[in-house]
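K.L.:
A structural model of the following input is requested.
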Amino acid sequence: MLRSELIDRLHEENPHLTRRDMERVVAVVLESVTQTLERGARVELRGFGAFSVRHRKARAGRNPRTGDPVAVPEKHVPFFRTGKDLRERIDESRD
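P.N.:
Alright, predicted model coming up:
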């Protein structure tokens, strides 16, 4: 689902709010999650999952074209872990 599709669906389910209002709601939620992760904190949405930041140490990698060694610097990356309810719903829908 694209961001615009999410906004459209929310607008359909909440006709008393304008599409512009829905755009703001989605933007605020996503910006809040982003800012929280930037601070290194965790965001948990019960039943859906949890966003966190993981640290990756510096390592030696390889250029896939040439095979030459390349230094990969340490970095922090976003990580998402699904909640139990979401995992169960997805598993049930695949039967």
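
K.L.:
alpha carbons only for contacts and neighbour counts from here, please
P.N.:
Noted.

K.L.:
how distant is the helix or strand bottoming out on mean pLDDT in the chain from the center of its chain?
P.N.:
Least confident helix or strand, the chain: helix 84-93 with a mean of 92, by mean pLDDT, DSSP states H and E. Offset of helix 84-93 from its chain centre (CA atoms, centre = their mean, to the nearest Å): 18 Å.

K.L.:
domain parsing for this protein?
P.N.:
What automatic domain parsing lists as the domains of the chain is 1-39, 42-95.

K.L.:
which helices and strands sit right next to the least confident helix or strand of the chain?
P.N.:
Contact partners of helix 84-93 among helices and strands, from 3 or more CA pairs under 8 Å, 6 or more residues apart in numbering; DSSP states H and E: none.

K.L.:
Mind jotting down where the helices sit in this structure?
P.N.:
Assigned by DSSP state H, the chain shows helices spanning 3-13, 19-38, 84-93.

K.L.:
Report the angle between the second one and helix 3-13.
P.N.:
Taking axes from the mean of the first three to the mean of the last three CA atoms, to 10 degrees, one finds that helix 19-38 is oriented at 130 degrees with respect to helix 3-13.

K.L.:
Likewise for the shortest one?
P.N.:
What separates the directions of helix 84-93 and helix 3-13 is an angle of 90 degrees, with the same axes, to 10 degrees.

K.L.:
what does helix 84-93 rub up against?
P.N.:
Here helix 84-93 makes contact (CA atoms under 8 Å, 6 or more residues apart in numbering) with 47, 48, 49.

K.L.:
quick revisit: closest to residue 76 out of the helices of the chain?
P.N.:
Closest approach to residue 76 among the helices of the chain is made by helix 19-38 (9.7 Å; CA to CA).

K.L.:
Output the closest one in CSV with nothing but the alpha carbons.
P.N.:
This file holds the C-alpha atoms of helix 19-38, laid out as CSV (Å, rounded to 0.1, in the frame of the first residue of the first chain):
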residue,chain,number,x,y,z
ARG,A,19,-8.4,14.5,2.6
ARG,A,20,-6.0,17.2,3.7
ASP,A,21,-6.7,16.4,7.3
MET,A,22,-5.8,12.7,6.7
GLU,A,23,-2.6,13.8,4.9
ARG,A,24,-1.7,15.7,8.1
VAL,A,25,-2.5,12.8,10.4
VAL,A,26,-0.4,10.4,8.4
ALA,A,27,2.5,12.9,8.1
VAL,A,28,2.4,13.6,11.9
VAL,A,29,2.4,9.9,12.8
LEU,A,30,5.3,9.1,10.4
GLU,A,31,7.3,12.1,11.5
SER,A,32,6.8,11.2,15.1
VAL,A,33,8.1,7.7,14.5
THR,A,34,11.1,9.1,12.6
GLN,A,35,12.0,11.6,15.2
THR,A,36,11.7,9.0,18.0
LEU,A,37,14.1,6.7,16.1
GLU,A,38,16.5,9.6,15.4
